[in-house]
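**Q** Sequence and predicted structure are below.
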Amino acid sequence: MTKKNRKVGVSRRGFLKTLGVGGAGMLIPSGALAAQERVPQPSDGELATLLDLSKCIGCGECVSACRESNAAKFPEPKKPFPEMIPASRAKPEDWSDKRDLDGRLTPYNWLFLQNVEVVYKGEEYDINIPRRCMHCQNPPCANMCPFGAANKHENGITRIYDELCMGGAKCRNVCPWHIPQRQSGVGLYLDLMPSLAGNGVMYKCDRCYQLLDKGELPACISVCPEDVQTIGPRHEIVAQAKALANKMNGFIYGLEENGGTNTIYVSPVPFDLLNKAVDKGKGKPHMKQVADVMADETNLATATLIAPVAGIAAGFLGLGAKLMKIAGSSGESKGDSDES
Amino acid sequence: MKARPYPGWITRLFIFAMTALAATGMMQMPLAKRYFISEIPGLSWTADFFIVHKLHYIFAILLLFVVALVVVHWLRDWRKQLALSTLGRTRVIILGGLIISGCLRVFRNLPNVTLNPDIVVTIEWVHLALTMVMGGVALAALIRKQSAYARKP
């Protein structure tokens, strides 16, 4: 939210309190109330979230709620970790003693807040940015996982299955924002060749799939006192994001990034300014423009359709059709002149 | 190779495509950096997952071309003159499985395609398992000097 320019507005909760129905409203858990208002249905298909950065006050409620909601999924590593070979390259990553760390993404912290102070058009803004998995429309982490451990679901969530993940961290490498974080000493690799292959399990936001499955909102959305986030069918969220950006004369991030994501930020200041100001590094993603990293594969997929057609055509044209005469066999044809 | 009645360039193209696919397929796993393969002069690209992934596609395209060409020849003419060996038939079946699972992987990677996660996991592990089985059968065929898929009876 802007520091010097904070607009006077009324949140949904504040509006109810003002009307005097807040007392009745408070009898219902806040999450449930929000869920009644905005919870998406399975028939909604691909869901996206809209984050209105002009609303975020950086209270950190979402970070706490995320931890609480996902605590049962957090890793409980076995120590000591297996000896890794080669030790100089395969180093264990251990966050289990830093579980309270909330200033970056870790296996125990799937959402954190970035805070930036920027000046735009002569005015100072203090912007808080909740950061977590972008849930790409065509996620490279899922597409390129060699074990199928990361998968995109029809509701737009990309999940990493901790039972299958080997912790090779390829997903972190290919993710344009390097979101997934590794914890060693857990997972399938311990039962296979722990010294030679794998190094734990990768963790990231799964958009509280267990709540969505029950018809409830992800924890970070329902707990937010400022209604920063909205979730819904992607086409509706995109329309809302564009309308909001238009209204605040603002900017959108996530709509085109990596070919389109299901996490769309709207900010009153340009994202290149935010990207320059934001604290970047390991576990602290950037906000720069991102081209579709799977674009070449999408183009090559067309060629995989053309290749057999070309092969069939070449076959009918007689390319390489002649069989060679093999000594001692009854074959009559002579060698193909095409043979090099 | 002398025992193969079909054109040598087809054999060489097939072996090249299969070897390159096996190598780039292996590199889909994060091995190159960990095991210093990318340190070998000329092999630094093996640590770039995107390059290796695209190369896997390109070699798959080459394989699909060769296989389609051979299938046409087989159906039109060669089946009357050649007979598949037992190990050849086995490898044809495995190759079919590899091609189908590989094409499903390509399909899965397209934008706007979201398959059920259980199906995705099945595709991945079938592809991985068939690769290992193919390697084993190919090695057995090589040892038994039956690497040709088909011979003239």
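**A** Everything's here; your move.
**Q** Find the residue ranges of chain B scoring beneath the pLDDT cut-off.
**A** B:1-3 (pLDDT under 70).
**Q** measure the spatially most central residue of it to chain A for me?
**A** The centroid of chain B falls nearest to B:M18 when counting by Cα atoms, centre = their mean (4.1 Å). Per Cβ to the nearest Cβ, to the nearest Å, B:M18 is found 15 Å from chain A. The way it works is simple: take the backbone N, C-alpha and C, and place the C-beta from them, glycine included.
**Q** Quick check: that residue touching B:L62?
**A** No. B:M18 is beyond contact range of B:L62, at 9.8 Å (criterion: Cβ atoms under 8 Å).
**Q** So which elements touch the top helix by length along chain B?
**A** Assignment by DSSP state H gives helix B:117-143 as the longest helix of chain B. The helices and strands touching helix B:117-143, judged by 3 or more Cβ pairs under 8 Å, 6 or more residues apart in numbering or on different chains; DSSP states H and E, are strand A:150-152, helix B:8-26, helix B:86-108.
**Q** most neighbours per residue, which of the ones you listed?
**A** strand A:150-152 (a mean of 26; mean count of other Cβ atoms under 10 Å in any protein chain shown).
**Q** Listing partners with orientation, what would you give for that one?
**A** Using DSSP bridges, the strands paired with strand A:150-152 in its sheet are strand A:158-160 (antiparallel).
**Q** Identify each buried residue in the next helix-or-strand element following the strand it pairs with, please.
**A** Scanning forward in sequence from strand A:158-160 by DSSP states H and E, the next helix or strand is helix A:170-174. For helix A:170-174, the neighbour count (16 or more other Cβ atoms under 10 Å in any protein chain shown) marks A:K170, A:C171, A:R172, A:N173, A:V174 as buried.
**Q** Next: stretch A:145-159.
**A** A:145-153, A:155-159.
**Q** ditto for stretch A:82-102
**A** In stretch A:82-102, counting by 16+ other Cβ under 10 Å, buried: A:P82, A:M84, A:A90, A:P92, A:E93, A:D94, A:W95, A:S96, A:D102.
**Q** and the fifth one, which of the three is it?
**A** Looking back up the chat, that one is A:E93. coil (DSSP: H, G, I helix; E, B strand; the rest coil).
**Q** Off-centre distance for stretch B:85-103?
**A** Centre-to-centre, stretch B:85-103 and its host chain are 9 Å apart (Cα atoms, centre = their mean, to the nearest Å).
**Q** Could you pull out the strands in the stretch 151-300 of chain A for me?
**A** A:158-160, A:181-183, A:201-203, A:229-233, A:251-253, A:263-267 (DSSP state E, counting those that start in this stretch).
**Q** Make JSON lines out of the ones you listed and add distance to B:D48.
**A** Formatted as JSON lines, the strands of the stretch 151-300 of chain A follow (distance: least, Cβ to Cβ, whole Å):
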{"stretch": "strand A:158-160", "distance to B:D48": "22"}
{"stretch": "strand A:181-183", "distance to B:D48": "20"}
{"stretch": "strand A:201-203", "distance to B:D48": "19"}
{"stretch": "strand A:229-233", "distance to B:D48": "35"}
{"stretch": "strand A:251-253", "distance to B:D48": "27"}
{"stretch": "strand A:263-267", "distance to B:D48": "26"}
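**Q** Name the SS class of the closest residue to B:Q28 other than its chain neighbours, please.
**A** Once flanking residues are discounted, B:Q28 sits nearest to A:P146: 4.4 Å by Cβ to Cβ, 6 or more residues apart in numbering or on different chains. Put simply, A:P146 is coil when judged by three-state DSSP.
**Q** ok, A:P146 touching B:E124?
**A** Yes. A:P146 is within contact range of B:E124, at 7.0 Å (criterion: Cβ under 8 Å).
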